[in-house]
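[1] Sharing a model that was predicted from the sequence below.
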Amino acid sequence: MPPIRDVMPAFELFQPTSVTDALGVLSRHGADAWPMAGGNDTFDWLKDRIKKPRVVVDLSMVNELQGVKDAGGGLEIGSTTTLTTIANHPMVKERFPMLAQAALLVASPQIRNVSTLGGNVSQDARCWYYRAGWPCYRAGGNICYADTPQAINREHALFDADRCVAVSPSDTAPALVALDAQFVIRNGDAERVVSAEEFFVGPGIDITKLTSLQPGDLLTAIRIPNTFANKANYFEKVRDRMVWDFALVNIAASFDMSGTSINDARMVVNGVSATPYRLNSVEAFLRGKARDKATADTAAGMAVEGAVPLAHNAYKIPLMKALVKRAIRGDAAWTS
Amino acid sequence: MAEQQKPVAPAAPVAPPKKMEFKVLGKNYVTPDLVAKVTGRARYAEDWKAEGMVFVKLMPSPRPHARIRSIDASAALAMPGVHGILTADDLPAPPPPPGGAPPAKGPAQGAAPAGAPAAAPPAGGAPAAAPAAGAAGGGAAAGGAAAAPPPPPMPPEFALTKEPVYEGEPILAIAADSEEIASDAIEKIVVDFEPLPFVIDPMESLRPGSSNGREQGNVFVGPSMRTLKWTREQMASYDAGKFPQDGEATETAVFGDIEAGFKQADLIVERDMHQQTTSHQPLESRSAMAYWQNGKCYMHVSTQSLARTVASVAGWVGIKPEELVLISEYTGGGFGSKIPGAQSMAIPALMSKKLNGRPVMMRISRAEETYIGRVRPGYQGYIKMGFRKDGRVTAIDTFIVEASGPYRRQGDHATTANLGSLLFQAPNMRFRGLSVATNTPPGVSQRAPGGLQASVWFEPLVHEAAKKLGIDQVAIRKLNAPEGQAQFGLVPPNTPPGRPRNKLTSCFVKECLDKGAEMFEWERKKANSGLRLGTKIRGIGVGTGAYTAGSIGVDGLCILRPDGKLEIHQGVGNLGTLSTFDTARTIAEVSGVPWENCEVVWGNTSKGLPWSSIQAGSQTTYAHTRANYATGQDLKKKLQEVAAKTRGGSPDSYDTGPNGVIRRGGGVVLTWAQAAEAAIKLGGIYDGTEVPKEINAMTKAAAAAHKGRGLMGVARDNLPRDGQTYGFMAAFAEVEVDTETGVWTIVDFTGVADVGTVIHPNSLGGQINGGSIQGIGHVRSQKLVYDPHYGNALANRMYNNKPPTILDAPFNAKWAAVELPDPTNPVGAKGIGEPSTVAAAGAVLAALCDAVGDDVIRRTPVQPEQIMSALASAERKPDMPHVLQAFI
């Protein structure tokens, strides 16, 4: 009766070697199938016997899903390309160094060697109540344990909480959103390409998932347009340890500059809501402004408007403000 | 008493110690276990297999405190592939309690007779209370309910329970063909729990009307418990952010007169402080495999000590020590959580017995290890220190509420006080403490128990005082540091005068500070204190650490075989420190038998191993260089006597050379092989037929098993010792803190140790750096998190309980030793495993205070938001509900 954790249950394992075969297995087993990329999110769920899929589809042998390709000055990155590959890839580092940096700051070297970009953006919430198997809203129950008067919620949401206060844990997700990335999803014979806004979903839309992926779906690639290629950008992650740690708060920003003024910008913060939190009002404010202290200070105030802190995460407000300021001021702000 | 309170200078006139020179000791070498470890051939407990082996899994309690009304396992036991169930009813009765004895005997335990660790199971034979033996240890200082009859001692902890007192405590075990089947079966078992009140945050259990962690009370007093609540006013003070210093304590220990001491002070610094509870998290969990054969129980276990695990595990299994064969050749760390093995190790043995001896493997998962793997108790409390203008400490006062876990007084808090007395030679000091029952994993010694906490507790105040007084940070520590045979320790109030204080056997921490300052380039680095680089600011810090570093009275055993090889038997556990082999080399050093001729026999009690110290409290190096020195001398003496008996002349006319016994000034008269053969012919004391009376029964049994196989060297360490042996370290750190985000990194680090003679430089480097990383992890990130309403753990995985990683360590860490011998060890050596942890934590914390100011950091771990939100606020206080709240 009491739950047993950390013991892998039995399941049927498929190891397809082509996208076609993978899609075939996924559509055949529908909601019973669990697509697995690097396994870092998957194995926790399986070993803790909280999610018990009948079928696991291991995507690691599908070569078509791996690799970084030029796409008209932007990039198309296969969904099971490892984070180590992305962090070290010359085209990623040259065109979108922010993405390489975000990938490099995920977890640990060993984890990055098996973790994939698709897995990093599709991973489930890391709320420690939810991950421990508590029957919360996100798990299909009718309470949020992280938002009770005594809950320990240092790592939880400031924005857009809708019953659930879990946050998106991904480091690459905000970078991809700040680069206007598109997500290529196949299901059976159909293919759809969705924007980040459509890919990441908050609890108001689906409280049990962080993405819009449905049974049978296979995220095959992520496309990054050339909009912000070779342009100014910024990524920073704040965490407790120097390695193997999810972000308390991270920030990704892209800037299209005209001389010293901002032509267009994307600013996305993660670790503060269930989806990568795009600072739309800040982006609008930044157009035509210089990347200077005055701009940064105003933007920082705008960024946190509407934040609703919980008992233990009020620090995320000044931290987020600091990161917004630093993103606008640029690296020179703290390195000299 | 004031006159007695001055630290005693080294007895005059003593010649300044000099580095000792050796042929074998002090050199780097390849340990006999190395190739197996790096090639993966080393077999740890869970790597063993046996025909017909089945697996057990444990049912963890889902509740922090409950009584089990009933267990219905019928559905589980009906499953194919399920072989049996073990519950608390199947456990043997505990050994009789040793008269409510204090949890640990301390450094004198080496003198304990065979089988003495029967008392070890609950206590862990831990060194934690060792330094406190003269202080508040043993519950002697219980100050509260003097008039009432003492409550009965608390029952000990068992491997399985009917009243789980923390989440994850094992309730039952199921054996099956696979872990998968066993787990599926456990999920079919219906347990009827009666929920009981529980405590997570110790301070909350002091609130009037609040729950107690145990039915017997909420605070541990000696071996018993009582209920103690503070007043509403006191808790209102706590709620308002101030630790109530007038709260009742159950333990008080004093030295001198603190009121007078504070009157003498030109500067008083004080603060409330929190430090967290951390789990041990050895990389190898406490797995065990067991089977029975010919009336004996064979067990493959993961333990720190080997000789000292036999009696404890036998006690838990309910058999005599001689009925147990224990195998533990390699252990992936323990950090104090496996000193004499672990209660849970009885489970596969008892299940195997139920299954008629069928081998049973119990692999402990990381989730289980985090539950049952023990913790270092966290503190909430208050510290006040007085200083003269010149920086000399005049008085220390501290109140520590210890989160002791559910089973017993852990006593780290008293050790912290004892080490404060030692490290700062406090002429006046008071410690008041409470050991509060929490329904969280049981506390036990964790690398420098109470010692690591001591540096976190006191070093930041010393830093603040030096800053305010305009004194150099190294100079203030040198001024207050112990030296020579310095005295230390606290006693219960109203102890009659004249009671002798604890006394060191040696102390060269001032020399460590000098050498470290030079290596770290402290004078040059001072320019970096407060240096701004954009939003980043640098800070430098220094800290000193001390911990017990040696016990006495254990045995050594070796056999020179007719093939010319010398077997050196070691009952020392191979827990990763290399001391199993490093101390064996003393026999080669003393006897003259080349190390290349030596084979170390270890890790399996059926091979005949001598009685040993526990591998804890940094004792082994000191204890077993002494024991093996005596054994090496015995071997050499016998070689000389054998030569005299077979070649004529007096024993003194012979010596040992590289190839055997030589005539002084001449050539070889007996090769090693010939000496062994001659010893066998002579019999008696020479081949182990007769052994010294004073050796331990375990050593006698080992000698009996090997008699007649060659020339036997066997001896007990009877060498004198006056005082207690402590190791020391001085650590230096430079940190860089980003003031906008609170993120900090260590940019430079140096540790210089006082370990006496360095017997294995590479191993010492590993201990200094490894211990330092553990201390750094305490300051940086490691913690446990509990939901206070439900009492359940929230951070059971390493990604959220955050032990330190190698990438959190400073890349350019430097280390050294002052290499001044301890006069009470024949080779001058003493231990280091723990002082490094203490010093590193203090240095890094002091450096952080140097960078951000002394008014910011009030809790560990120093998470980024603590610094960031304090620096961003006008009050310079972190934005958190209560800075002392535990388990967040």
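    The structure has been received and is ready for your questions.

[2] so who does A:Ala307 touch?
    The neighbourhood of A:Ala307, defined by Cβ atoms under 8 Å, 6 or more residues apart in numbering or on different chains, consists of A:158-159, A:272, A:316-317, A:320. From N, CA and C alone the C-beta is placed, and that goes for glycine too.

[3] how close does it get to B:Glu483?
    Remark: distance between A:Ala307 and B:Glu483 (Cβ to Cβ, to the nearest Å) = 56 Å.

[4] do the same with A:Ala247
    Applying Cβ to Cβ, the value for A:Ala247 to B:Glu483 is 48 Å.

[5] Neighbour count for these two, which is higher?
    Neighbours were tallied for A:Ala247 and for B:Glu483 using other Cβ atoms under 10 Å in any protein chain shown; the higher tally belongs to A:Ala247 (24 against 18).

[6] Surely the more buried one is within a helix?
    No - counting by DSSP: H, G, I helix; E, B strand; the rest coil, A:Ala247 is not found in a helix; it is coil.

[7] Low-confidence stretches in the stretch 151-300 of chain A?
    Using pLDDT under 70 as the threshold, the predicted model of the stretch 151-300 of chain A has no low-confidence range.

[8] go on, the stretch 1-150 of chain A?
    Scanning the stretch 1-150 of chain A with the threshold set as pLDDT under 70 gives A:1-2.

[9] Show me which residues of it sit near chain B.
    Residues of the stretch 1-150 of chain A lying near chain B by Cβ under 8 Å from any Cβ of the partner chain: A:1-10, A:44, A:48-49, A:107-108, A:126, A:128-129, A:132, A:134, A:145, A:148-150.

[10] Just give me the neighbour total for residue 150.
    Went with chain A since none was named. One way to gauge burial is a neighbour count; for A:Gln150, by other Cβ under 10 Å, it gives 14.

[11] The chain in question should be chain B.
    Applying other Cβ under 10 Å, I find that B:Pro150 has 15 neighbouring residues.

[12] relative to its centroid, which residue of chain B is most remote?
    Residue distances from the centre of chain B (Cα atoms, centre = their mean) peak at B:Gly648, which lies 51.0 Å from the mean C-alpha position.

[13] how much space between that residue and chain A?
    Distance, B:Gly648 to chain A, using Cβ to the nearest Cβ, to the nearest Å: 67 Å.

[14] Spit out the contact partners of B:Leu639.
    Residues in contact with B:Leu639, defined by Cβ under 8 Å, 6+ apart, are B:560, B:591, B:654, B:656, B:661, B:670, B:675, B:711.

[15] I meant B:Leu504, not that one.
    Shown here is B:Leu504, whose contacts under the criterion Cβ under 8 Å, 6+ apart are B:422, B:482, B:484-488, B:723-726.

[16] one more time with 7 Å
    Residues counted as contacts of B:Leu504 (Cβ atoms under 7 Å, 6 or more residues apart in numbering or on different chains) are B:482, B:485-486, B:723-724, B:726.

[17] Where strands are concerned, which of those residues count?
    Cross-referencing the contacts of B:Leu504 with the strands (criterion: DSSP state E) gives B:Tyr726 as the overlap.

[18] between the contacts of B:Leu504, which is nearest chain A?
    Proximity of the contacts of B:Leu504 to chain A was ranked by Cβ to the nearest Cβ; the top entry is B:Tyr726 with 31.5 Å.

[19] Distance of the closest one relative to B:Leu719?
    With distances defined as Cβ to Cβ, the gap from B:Tyr726 to B:Leu719 amounts to 18 Å.

[20] do B:Ala437 as well
    Using Cβ to Cβ, one obtains 42 Å as the distance from B:Ala437 to B:Leu719.

[21] Compare neighbour counts for these two and give me the winner.
    Set side by side, B:Ala437 and B:Leu719 show unequal neighbour counts under other Cβ under 10 Å, the larger going to B:Ala437 at 28 against 14.

[22] Around A:Arg28, how many other residues sit close by?
    Other residues within reach of A:Arg28, judged by other Cβ under 10 Å, total 13.

[23] wait, B:Ala704
    Around B:Ala704 sit 13 other residues, with neighbours defined as other Cβ under 10 Å.

[24] Give the residue spans of the stretch 1-150 of chain B that score low on pLDDT.
    Applying pLDDT under 70 to the stretch 1-150 of chain B flags the ranges B:1-16, B:95-148.

[25] again, only this time at 90
    Across the stretch 1-150 of chain B, residues meeting the criterion (pLDDT under 90) sit at B:1-18, B:93-150.

[26] Quick one: residues contacting B:Ile857.
    By Cβ under 7 Å, 6+ apart, the residues touching B:Ile857 are B:460, B:848-849, B:866.

[27] same question, A:Ser261
    The neighbours of A:Ser261, taking Cβ under 7 Å, 6+ apart as the test, are A:288-290.

[28] Check which helices and strands the helix or strand harbouring B:Val310 sits against.
    Secondary structure assigned from DSSP states H and E places B:Val310 in helix B:307-317. In terms of contacts (3 or more Cβ pairs under 7 Å, 6 or more residues apart in numbering or on different chains; DSSP states H and E), helix B:307-317 is packed against helix B:120-123, strand B:296-301, strand B:324-327, helix B:346-354.

[29] In TSV: these, plus mean neighbour count and distance to chain A.
    Putting those into TSV (neighbours: other Cβ atoms under 10 Å in any protein chain shown; distance: least, Cβ to the nearest Cβ, whole Å) gives the following:
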stretch	mean neighbour count	distance to chain A
helix B:120-123	24	25
strand B:296-301	24	20
strand B:324-327	20	25
helix B:346-354	26	15
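
[30] what's the least confident stretch among those?
    Across the helices and strands packed on helix B:307-317, helix B:120-123 has the smallest mean pLDDT, namely a mean of 31.

[31] B:Val221 contacts B:Thr252, correct?
    No - with contacts counted by Cβ atoms under 7 Å, B:Val221 stays clear of B:Thr252, the gap being 12.0 Å.

[32] the more surrounded of the two?
    Using other Cβ under 10 Å, the more surrounded residue of B:Val221 and B:Thr252 is B:Val221, with 22 against 19.

[33] For that one, give the beta-bridge partners.
    Listed by DSSP bridges, the beta-bridge partners for B:Val221 are B:Ser224.

[34] pLDDT at it, what is it?
    At B:Val221, pLDDT is 96.
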